[in-house]
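[1] Take a look and give me a structure for this.
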Amino acid sequence: MSLGDRFTLETCARRPNRRAFSGGKWRLPVQNYGTMRVRELLGLPIFAGTSVVAGAGGLDREVHWAHVVDMPEPAPWVGAGQVLLTTGFSWPGDAEAEGRQLEALAGRQLAAIGLAVPGFVEHFSPAARALADRFDLPLLEIPWDVPFARITEELHREILTAQQNLIARSEAIHRELTRAASDGITLHDLAARLGHLIGRSITIEDAHFQLLAAHASDPRDDGARRETPTALLEELERSGRLGDLLASSAPVRLPPLPELEFAARVGCPIRVGGAVAGFVWIIEGHEPLSELDHRAAEHAALVAALQMAHERALALVEARLGYASFLSLLEAPAATPLTLERARLLGFDPSVAYRVGVVLLDEPLPLGREGVLRRDATMEKLRRFLAASGSAPILCASLNRIPFLLEADVDVANVDRALEGSAVRLAFGRVATGTDGVRVSYREALDVLGYENAGRVARYEDALLPRVLLGDAAARAAFIAETLGGLDGHKAGAALRAAVLRYAEEGFALRRTATALGIHPNTLRYRLERATELTGLSFDDADVRFRLQLAARLLRLSDLRDKTGVEN
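    Below is the predicted model:
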């Protein structure tokens, strides 16, 4: 055991109501390391006969020092956190003057006022007590026979001991967290380790206030919450506290907001490469937050920054090596056994239906340092979304683009919401399976990126119709395949396809279509119902009718071109 650890444990053992051993290991009890509050001051033996006669609402004020002042108008001679000790020799006897003096002392943010009684003054007056209650300024009546010299000696010794204890305990926490970082712990491990060390609930969030890790020391704390409520972020922004937090490199204390069920806490930004990558929060429980909690938050933020930087470095290596296989799978004319094997190791399953998505960042090429950082941050958000949706996070970076695989049952709108606030465009190819399918879907996603009117989120199938009308031959073929593709491969596909197209050409008139095809109306009705089952098309939908009529017209023109050799 080091000298610092031994000092901490011995000090904890000497001080009253402080338990240092719990659950088979040394642990820091919840207490005010480095600071003393008025209620703790009253627990010292020298204050055994002292009474709190007013200002009980301020008993949690911090005590930094004690100062004896027996002169008129003492306010200029005292400061915040001090206990003013007076015999009352110069205490105002006039009620109006006494009120002015109390108001001036309250403005100096005193910890408390101690008056020796009975002596020059019998007691604090009722008016003084009422005013002190309004200011939450504790008024202490100290027995006359207690020497002020003994009070200052004992109090200052206790304050210095607390400061020494703070330094030793802070160093012990720093060593413990640094040792844990060298062991390669996760952020969840870090939150649990810190929570056990200081007996507090901990949350670690990313830069967008999404929960990364949590430890709840008390079920009533919100240490296990999933995200910071939007209403809370709006309130923090309105009050300016959010800006203070983002601009700070040191811990910041946030007061409680009972109306939002938000407990007081101290938070420290996690900075990686000069940018805020997240936050460590220490949540106030039954005991007020102390200086030790501020230092612990700072130590934990440093360790979390090291952990995040390490994870980013690993992700960069994966992007350069492993994910390069994914990119080669998308861009190569044909997949090789080696690229397919590496893609499988990343989580690619040839039997699963995927869309290929491409995130296009609004960044000029070549990317500068800030552009690379923004791209990496976007990749991290996308990676977390894919993992949370149950998909393997298969993605890579290529200049200002981020190609990725999205399982077919995941709504593309959810990707947009996950990247909300990022200056990006999203493009998606059609759903496909196998290596050939995802390569086609990738080319479709790139293709739709070139369509200027596609908007922030574009799917290849949604952009087909405008491109068909503009005369795009590739779009025509894709449009027809998209519209009638459900009939391909079926044993009666040709007959069903002919029935659907003729039905569209005849203005969706059943009997006229049956006559044109030379079949019974019931036979036509059966074929149309079967086509609906295979394609999901509803002939009652006006948009579907338009698409089918357009597909029929395009095919007629194509047949005419093939017969005459004339381009229409």
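[2] from here on, contacts and neighbour counts on C-alpha atoms
    Will do.
[3] Would you state the helices of the stretch 351-500 of the chain in chain order?
    For the stretch 351-500 of the chain, the helices defined by DSSP state H, counting those that start in this stretch cover 369-388, 412-418, 434-449, 464-469, 473-484, 493-505.
[4] can I get the ones you listed in TSV with mean pLDDT?
    TSV is the format used below for those (pLDDT from 0 to 100):
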stretch	mean pLDDT
helix 369-388	85
helix 412-418	88
helix 434-449	83
helix 464-469	56
helix 473-484	68
helix 493-505	80
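[5] Now mean neighbour count and distance to residue 361 too, for the ones you listed, in CSV please.
    Shown next, in CSV, are the helices of the stretch 351-500 of the chain (neighbours: other CA atoms under 10 Å; distance: least, CA to CA, whole Å):
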stretch, mean neighbour count, distance to residue 361
helix 369-388, 17, 7
helix 412-418, 15, 13
helix 434-449, 21, 11
helix 464-469, 17, 23
helix 473-484, 17, 25
helix 493-505, 20, 42
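[6] With distance to residue 537 added, can I get these in CSV?
    Output for the helices of the stretch 351-500 of the chain, formatted as CSV (distance: least, CA to CA, whole Å):
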stretch, distance to residue 537
helix 369-388, 30
helix 412-418, 21
helix 434-449, 22
helix 464-469, 16
helix 473-484, 8
helix 493-505, 10
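[7] Looking at these, spot the one closest to residue 64.
    Taking CA to CA as the criterion, residue 64 comes closest to helix 369-388 out of those, the separation being 43.6 Å.
[8] quick one: the closest one to chain centroid distance?
    Helix 369-388 has its C-alpha centroid displaced from the chain centroid by 13 Å (CA atoms, centre = their mean, to the nearest Å).
[9] Likewise for stretch 134-152?
    That offset, for stretch 134-152, works out to 47 Å (CA atoms, centre = their mean).
[10] Which positions within it qualify as buried?
    Of all the residues in stretch 134-152, those buried under the rule 16 or more other CA atoms under 10 Å are 135, 136, 137, 138, 139, 140, 141, 142, 143, 148, 151, 152.
[11] From the residues you listed, pick the one nearest residue 441.
    So of the buried residues of stretch 134-152, ranked by how close each gets to residue 441 (CA to CA), first place is residue 136, at 68.3 Å.
[12] I figured the closest one was touching residue 60, is that so?
    No: between residue 136 and residue 60 there is no contact under CA atoms under 8 Å: 10.0 Å.
[13] give the contact list for the closest residue to residue 493 other than its chain neighbours.
    Leaving aside its sequence neighbours, residue 493 sits nearest to residue 487 (CA to CA, 6 or more residues apart in numbering; 5.0 Å). Counting by CA atoms under 8 Å, 6 or more residues apart in numbering, residue 487 makes contact with 493, 494, 496, 497, 531, 534, 535.
[14] Against residue 524, how distant is the first one?
    Summarising the geometry, the distance separating residue 493 from residue 524, computed by CA to CA, to the nearest Å, is 14 Å.
[15] May I have the beta-bridge partners of the residue positioned nearest the centre of the chain?
    Nearest to the centroid of the C-alpha atoms of the chain, with distances taken as CA atoms, centre = their mean, sits residue 210, at 1.9 Å. Assessed by DSSP bridges, residue 210 has beta-bridge partners residue 227.
[16] And it, how far from residue 304?
    The gap separating residue 210 from residue 304 is 15 Å, by CA to CA.
[17] next one: residue 483
    Counting by CA to CA - residue 483 and residue 304 are separated by 52 Å.
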